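**Student:** Prediction below, plus the sequence it came from.
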Amino acid sequence: MRTLNWLWRGLLFFVLFAFALNNQHVVELKWFMGYRWQAPMVFIALGTFALGCVTGVLAMVPSWWKHRREARNRALILPAPVGKPFTPGPFDSGPATRSGPPTLPAELPFPPDMPAPRKPAK
């Protein structure tokens, strides 16, 4: 699968590079009030693409802020987890013995490398 991914990336790069080589001629953009601007076609296409990306990101910002605000509010509403405090036993030297890597429970409801299954829509 990685090989196919890299082949796809290489093909995409080659197509875009060939497009850039085939469109090296100068293009004149005519703005309002007689203002004109000349640039190679590749730069015009690249600038249009970048402007579209920036517009898309800026259009998503209010939604991101809303989701962040909702997540922060949910975190404030949830009660703090209640756990049993650790008390070292007679053979326990304190936190140094508990500093190993975290372990997973014996059985998980789904594999750890896959996302949790979604509930079906009603």
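**Tutor:** Nice, I can see it. For clarity, every value in this text was computed on a predicted model and none was experimentally measured.
**Student:** got any ranges where the protein has weak pLDDT?
**Tutor:** 79-122 (pLDDT under 70).
**Student:** and the lengthiest helix in the chain, what other elements does it pack with?
**Tutor:** Secondary structure of the chain per DSSP state H: the longest helix is helix 41-77. When contacts are defined as 3 or more Cβ pairs under 8 Å, 6 or more residues apart in numbering; DSSP states H and E, helix 41-77 packs onto helix 2-22, strand 26-30. From N, CA and C alone the C-beta is placed, and that goes for glycine too.
**Student:** Repeat the analysis, applying 6 Å as the threshold.
**Tutor:** Contacts defined by 3 or more Cβ pairs under 6 Å, 6 or more residues apart in numbering; DSSP states H and E place helix 41-77 against no helix or strand at all.
**Student:** mind saving the C-alpha coords of stretch 26-42 as PDB?
**Tutor:** C-alpha atoms of stretch 26-42 as PDB (Å, rounded to 0.1, in the frame of the first residue of the first chain):
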ATOM      1  CA  VAL A  26       3.400  35.300 -19.800                       C
ATOM      2  CA  VAL A  27      -0.300  36.000 -19.100                       C
ATOM      3  CA  GLU A  28      -1.800  39.400 -18.600                       C
ATOM      4  CA  LEU A  29      -4.400  39.900 -15.900                       C
ATOM      5  CA  LYS A  30      -6.700  42.800 -16.400                       C
ATOM      6  CA  TRP A  31      -7.900  44.300 -13.100                       C
ATOM      7  CA  PHE A  32     -10.400  47.100 -12.500                       C
ATOM      8  CA  MET A  33      -9.700  50.700 -13.600                       C
ATOM      9  CA  GLY A  34      -7.200  49.800 -16.300                       C
ATOM     10  CA  TYR A  35      -4.700  48.100 -13.900                       C
ATOM     11  CA  ARG A  36      -2.800  45.200 -15.600                       C
ATOM     12  CA  TRP A  37      -0.400  42.600 -14.200                       C
ATOM     13  CA  GLN A  38       1.800  40.300 -16.200                       C
ATOM     14  CA  ALA A  39       3.100  37.000 -14.800                       C
ATOM     15  CA  PRO A  40       3.900  33.500 -16.000                       C
ATOM     16  CA  MET A  41       0.800  31.200 -16.200                       C
ATOM     17  CA  VAL A  42       2.300  28.900 -13.500                       C
END
